[in-house]
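Novice: The sequence and its predicted three-dimensional model are supplied below.
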Amino acid sequence: RAAPRGVQASKVRMATVASPVGEMPDLDGALPDCPPTLWDADGIDIAAEQARYREEGLPACPLEIVATPEENAQGAAYFSDNADRLRGLLRDHGTLWFRGFDLMKNEQGFRAFYDAVGLNPCLDPIHTSGLRAFASAKDAVYEEVNKQSLSQHYIGLHNEATKKKTATYGAFVCFQPASVKGGEFFIADGAAIFRDLDTEVLKKLYDSKVRISVSNLDFNFLGALGPLKDGAMDFFKGLVASVIAPKFDMDLEMIYGADGNPYRLQAIEGRQSPVTRHPETGRPVWFCNVHNHARYLRDRRPCTVPEVGMTDVYSGDLGALDARDLQHINAVSEKNIARCAMRPGDVLLVDNYRVLHGRDVFEGDRYHAVSWFDGWKGDGKSVVTDGGKPGNVLNKMINTSSAEPGAGHRRAAGRTIPGAAQRRAAARDRDPRRAAPATPSASSEGPPPHPHTRMTAPQRMSMKRVRARISPRRAAVSSAPRNPRSGLRQAAPAVQPQASPFTLGQAAALHRWRCWLVSMSLTLVAAPSPFDVGCPIQAPRLTGQPRHIIRTWTHLKPSVHAMAALEPTFDRSTLSRCYYTAPF
């Protein structure tokens, strides 16, 4: 056949039967950490390098490699026989798009592909945060952003990199495209973006550097604390820096008011260059996530990320980037985007230092996955078994307890991904409260227990006390004696609530503080902190339960201790008694 788009045909061994995928070692807990980012950004002559690119030209990106029936029949042998040639093509083109290979239609075959090519898998750059779940941990395959909650969120161009860590290569595989529409994966050549950017705009960014904010935490309620405000701001800044930031394994600085909101605490990376030299070719490339992370651009696209996950990009001195520069970067980036309508089994093998990637919005169910690599086996690196990566336990804990349907799911080869209706039906079938009565038998142990029976005795007693405090009159009525004639309980006298020592404004501020700490405890799951932020009642148990269950001393304790630490005149016992009677 004709070589696709500049690919020269090579003599390869032909086979009539695909090589079977044998059993491979389990990689769960055995992956090396993502390697550190290789920065080489000093002394780049922007204008001269741009002129050189324009004079020499750039090869096609991506380069499509479409399988013939003979090549497809070889299975993994095709990739092992052509590993050296494919490595050279990846260096020249930045991305190889493998199409028509049946081998990569499931997780095990996908692993056989990258193993035959000779790539070493590694952890995701932000693996410790738990933001990306494994689709198949034993095969080092992460799930892409397939969640329904983010289906209408446009993911702009970015390298899978932080200032601290960068995966050298990535392989993106399609197991199932979006069942309704959209969800196209797209890439852009960072060398082409560097070539096409206005020289003055690029020089300005290169000289000033950039800083990327990765998270927002709004503490607007602190403004109502009066003289306690400064101490509370310092407390939360220290709490976030010591509890949350280390879980991302990034060099972050906690800064208030960078975007003009004095009570917004942002986690911001250090100064970094938007341009760096490629670690293998030495040529400068655009290596910056501004197309995806700049809030100015996000606000003008479909975006469903909550405020806590909103990102932004600043200049090196934390000044705002010029809107005209952002518009120019956006135009040049989109000009160089190559959309890839991937089919099941398609793989995009990407040079992560050179090529940026993103994903469009979609409807329906979608299952794409990705593996990251720190280099080639022939370079002396190898997978090591250490199992002690910081945050690996947290990643498993967060993604195992995820309440979102389909999050981190594993899909067998050829199985259709269940839609939302099927997932709801399956959840109803699994719900013991909806289960059909069991047929009596000698070995039957009776109907499934109610979910509340799974609680410990102290937890059940705590819930009873909470209900009694929240509704004293209802508790009094339930304990009143019954009328011997009517069988109804005697009316109980109304219970007068205790007067709150706080003003309405103080009570509202305390309530917002408590709500933030509760949400933080559910987010961090079991994060250690000076105030026992991690609580024994986890998010899945609270799902669908009455709101007053949250009002337990377990959740109140962090705010009580925090208030006592900031203001010694507050009495813990008084504050706990007034919690249920203050006019919130």
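Specialist: That came in fine, so what should we check first?
Novice: So the closest residue in space to residue 205 that isn't next to it in sequence versus residue 226, what's the distance?
Specialist: Nearest residue to residue 205 in three dimensions, chain neighbours excluded: residue 274, at 4.9 Å (CB to CB, 6 or more residues apart in numbering). Backbone N, C-alpha and C define where each C-beta goes, glycine included. Separation of residue 274 from residue 226 (CB to CB, to the nearest Å): 43 Å.
Novice: ok, the residue nearest to residue 205 touching residue 289?
Specialist: No: if you go by CB atoms under 8 Å, residue 274 and residue 289 don't touch, sitting 9.2 Å apart.
Novice: average model confidence for stretch 375-393?
Specialist: Averaged over stretch 375-393, pLDDT sits at 58.
Novice: Oops, could you answer that again for stretch 229-241 instead?
Specialist: Stretch 229-241 shows a mean pLDDT of 91 in the predicted model.
Novice: Can you give me the buried ones in it?
Specialist: 229, 232-233, 235-237, 239-240 (16 or more other CB atoms under 10 Å).
Novice: same question, stretch 168-183
Specialist: Using 16+ other CB under 10 Å as the test for burial, stretch 168-183 gives 168-178, 182-183.
Novice: now swap in stretch 37-47 and tell me
Specialist: Neighbour-count burial for stretch 37-47 flags 37, 44, 46 (criterion: 16+ other CB under 10 Å).
Novice: Need those residues in TSV (columns: pLDDT).
Specialist: As requested, the buried residues of stretch 37-47 are exported to TSV (pLDDT from 0 to 100):
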residue	pLDDT
37	96
44	97
46	97
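Novice: These in strands, which ones?
Specialist: Using DSSP state E, no member of the buried residues of stretch 37-47 sits in strands.
Novice: Residue 230 versus residue 206, what's the distance?
Specialist: Taking CB to CB, one finds residue 206 at 38 Å from residue 230.
Novice: let me redo that: residue 197
Specialist: To residue 230, residue 197 is 43 Å away according to CB to CB.
Novice: Ok, residue 142 next?
Specialist: Distance from residue 142 to residue 230, by CB to CB: 42 Å.
Novice: again with residue 314
Specialist: Applying CB to CB to residue 314 and residue 230 gives a distance of 24 Å.
Novice: And residue 207, by the same measure?
Specialist: Taken as CB to CB, the span from residue 207 to residue 230 is 36 Å.
Novice: Not including adjacent chain positions, what is the nearest residue to residue 134?
Specialist: residue 142 is the one closest to residue 134 (CB to CB, 6+ apart), at 5.8 Å.
Novice: right, I mislabeled it, should have said residue 233
Specialist: residue 222 (5.8 Å).
Novice: How about the secondary structure of that neighbour?
Specialist: helix (DSSP: H, G, I helix; E, B strand; the rest coil).
Novice: Model confidence score at residue 130, please.
Specialist: At residue 130, pLDDT is 72.
Novice: mind starting the numbering at 41 from now?
Specialist: Sure, I'll start counting at 41 from here, so that last one is residue 170.
Novice: any idea which helix or strand carries residue 371?
Specialist: helix 363-375 (DSSP states H and E).
Novice: Give the other helices and strands that that helix contacts.
Specialist: helix 230-236, helix 239-248, helix 330-333, helix 335-338 (3 or more CB pairs under 8 Å, 6 or more residues apart in numbering; DSSP states H and E).
Novice: What's the mean pLDDT across the third one?
Specialist: Average pLDDT, helix 330-333: 96.
Novice: just checking, what packs against that helix?
Specialist: On a contact count with 3+ CB pairs under 8 Å, 6+ apart, helix 330-333 meets strand 195-198, strand 250-258, helix 335-338, strand 352-355, helix 363-375, strand 395-399.
Novice: if you compare those, which one is most tucked away?
Specialist: strand 395-399 (a mean of 24; mean count of other CB atoms under 10 Å).
Novice: Which residues does that strand contact?
Specialist: Here strand 395-399 makes contact (CB atoms under 8 Å, 6 or more residues apart in numbering) with 101, 134-135, 184-185, 194-200, 210, 212, 223-230, 233, 326, 329, 331-332, 373, 377, 388, 390, 408.
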